[in-house]
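**Q** Predicted model follows, preceded by the sequence.
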Amino acid sequence: ARLVVLVSGAGTNLQALLDACADPAYGARVVAVGADRHGIAGLDRARAAGLPTFVERVPDHPTRADWDVALTAAVAEHEPDLVVSAGFMKILGARFLERFGGRTVNTHPALLPAFQGAHAVRNALEYGVKVTGCTVHFVDEGVDTGPVIAQEAVPVRWHDDEDSLHERIKQVERRMLVEVVGRLARDGWTVKGRRVSLKCRTC
Ligand code: GRF
């Protein structure tokens, strides 16, 4: 399966996918990496892997809808089977979802529906939860509201700050994202209402 990965930052989830794709048995390969900004490590990682990259910045377009159209076209050029939003910090618009909805997954550093939005780790920490986690879900028109594919819990420690908690979550998140993307790519899936079933032989 052909993957296009969208990033906005460090790209450690992207790196986990790149490492997994090195194994031909994984059943997927990253064909391009897109971002909403320049100068991020995620793009350096893509270039280091010899991959095509593209950047579509919202301020470069007259309207948000124009940005959405441009991003959709940039992704479509690479003919992905799956789009993976791995730390991409923009809401994907109607045009994008028309084209790639149902085959775009996002990874979120909280147990959705708890702590949606761009500050999930900070919000969980400040709420005082003792367990948080990460979620991989299909992207729909909402913010972190699409059908859940996989989740895993991560304990919060009394000495945690946002960085230490986020790093502990990312250890789990990277492994879960790699496993889910591989299963989606190799075995496919079904969605009934909001319930996602991975058609894998062993689960
Ligand atoms: C991940 O935890 C992702 O869930 C969140 O931002 C982080 C991105 O990390 N949206 P990286 O850029 O993949 O290292």
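**A** Right, received. Where do you want to start?
**Q** pLDDT score for the residue of the chain found nearest the ligand?
**A** Proximity of the chain to the ligand (Cβ to the nearest ligand atom) peaks at Gly87, 2.6 Å away. All C-beta spots, glycine's among them, are computed from the backbone N, C-alpha and C. Residue-level confidence at Gly87 comes out at 95, pLDDT.
**Q** show me where the chain has strands.
**A** For the chain, the strands defined by DSSP state E cover 2-7, 29-35, 53-55, 82-85, 104-108, 131-138, 148-155, 189-192, 195-198.
**Q** Pull the residues that contact the fifth one.
**A** Counting by Cβ atoms under 8 Å, 6 or more residues apart in numbering, the neighbours of strand 104-108 from elsewhere in the structure are 13, 82-88, 92, 96-97, 116, 120, 134-139, 144, 146, 149, 173, 176-177, 180-181, 184.
**Q** Those residues of this structure touching the ligand, which are they?
**A** Residues of the chain lying near the ligand by Cβ under 6 Å from any ligand atom: 7, 9-14, 42, 86-87, 107-109, 170, 173.
**Q** Would you agree Ala76 is in contact with Arg99?
**A** Yes. Counting by Cβ atoms under 8 Å, Arg99 is a contact partner of Ala76 at 6.3 Å.
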